[in-house]
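Trainee: pasting the sequence and the predicted model now:
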Amino acid sequence: MKNIIFIAAPGAGKGTQSMMLSERYNYLHVSTGDLVREEIATGSERGLAIKEIISHGSLVNDDIIFDLLDVKLKASNQAKGIIFDGFPRNLEQAKRYDQIYGKNEMDIDYVIHIDIDKDEAMKRILGRLICSKCGSIYNEYYDKFNNQNHCNSCDSTLDKRVDDNEVTFGRRFDVYLEETKPLIDYYKEQNLLYTVKASDNKEDVFKEIESIIKG
Ligand code: AMP
């Protein structure tokens, strides 16, 4: 199995790249952001508590993340690889993952850091639109639409995420710098880290990532 982690500030393109990679190679795509949004959608008490945390741009409690992750990873035994999109988000999560899963087929092979500066990341986040049906990601300022505010792939309506506003973006970016960025050194020390520059051309970024994982 080839298991890959993406580390990036909000807006750098980790969602787009990890989806492209999982479709191209038939890997299991594990987005902890999607898992917490699914939990919110159930309307459970836990979901309500998570909604409050996300709307402030803070991180969800590690125990909840591992509960959701455990369920999702049960589906991974048939997969050729796992792509982690948005996990781990802090050193504690990285170490806990290594302790629980690191000794079997689920150990980490590559960590891809997508580098982006704050202004560019904010422009992308404020313009981000997501297809309500297939999850395709667009930018209302950069992309061309066949049918305004509808997905070019499946024509469903496009939504904005509740946490994609200027105030929450600022908090999420700070959380990235304080809690997630230290992971870069953690994985560098293990010789697992590769850095690629964010670009508006997602195909170029994809090719660079492919060349890394093909070794
Ligand atoms: P994302 O879709 O990756 O941008 O995540 C959206 C939000 O979900 C984040 O701002 C956090 O509040 C929460 N979240 C996602 N993944 C994690 C994680 N691994 N640990 C803690 N909180 C997370």
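Mentor: Now that the structure is in, tell me what you want to look at. No experiment lies behind these values; they were computed from the predicted model shown. Numbering: from 1, shown residues only.
Trainee: now residue 155, nearest residue through space, not along the chain?
Mentor: residue 147 (6.2 Å; CB to CB, 6 or more residues apart in numbering). Bear in mind the C-beta positions are built from the backbone N, C-alpha and C, glycine included.
Trainee: and residue 117, what does it touch?
Mentor: Counting by CB atoms under 8 Å, 6 or more residues apart in numbering, residue 117 touches no other residue.
Trainee: least confident secondary structure element in this structure?
Mentor: strand 137-139 (a mean of 91; mean pLDDT, DSSP states H and E).
Trainee: residues touching the residue in the chain positioned nearest to the ligand, list them.
Mentor: Of all residues in the chain, the one sitting closest to the ligand is residue 33 (2.0 Å; CB to the nearest ligand atom). Residues counted as contacts of residue 33 (CB under 8 Å, 6+ apart) are 15, 85, 86.
Trainee: is it true that the second one touches residue 7?
Mentor: Spelled out, that is residue 85. No - in this structure residue 85 lies outside contact range of residue 7 using CB atoms under 8 Å: 10.2 Å.
Trainee: of those two, who's got more company?
Mentor: For residue 85 versus residue 7, neighbours defined as other CB atoms under 10 Å are more numerous around residue 7 (26 against 22).
Trainee: which SS state does that one fall under?
Mentor: strand (DSSP: H, G, I helix; E, B strand; the rest coil).
Trainee: pretty sure it sits against residue 108.
Mentor: No - assessed by CB under 8 Å, residue 7 is found out of contact with residue 108, at 11.2 Å.
Trainee: give the residues shared as contacts by these two.
Mentor: residue 187.
Trainee: contact residues of the chain facing the ligand?
Mentor: 10, 32-33, 36, 53-54, 57-60, 65, 86-89, 93, 163, 172 (CB under 6 Å from any ligand atom).
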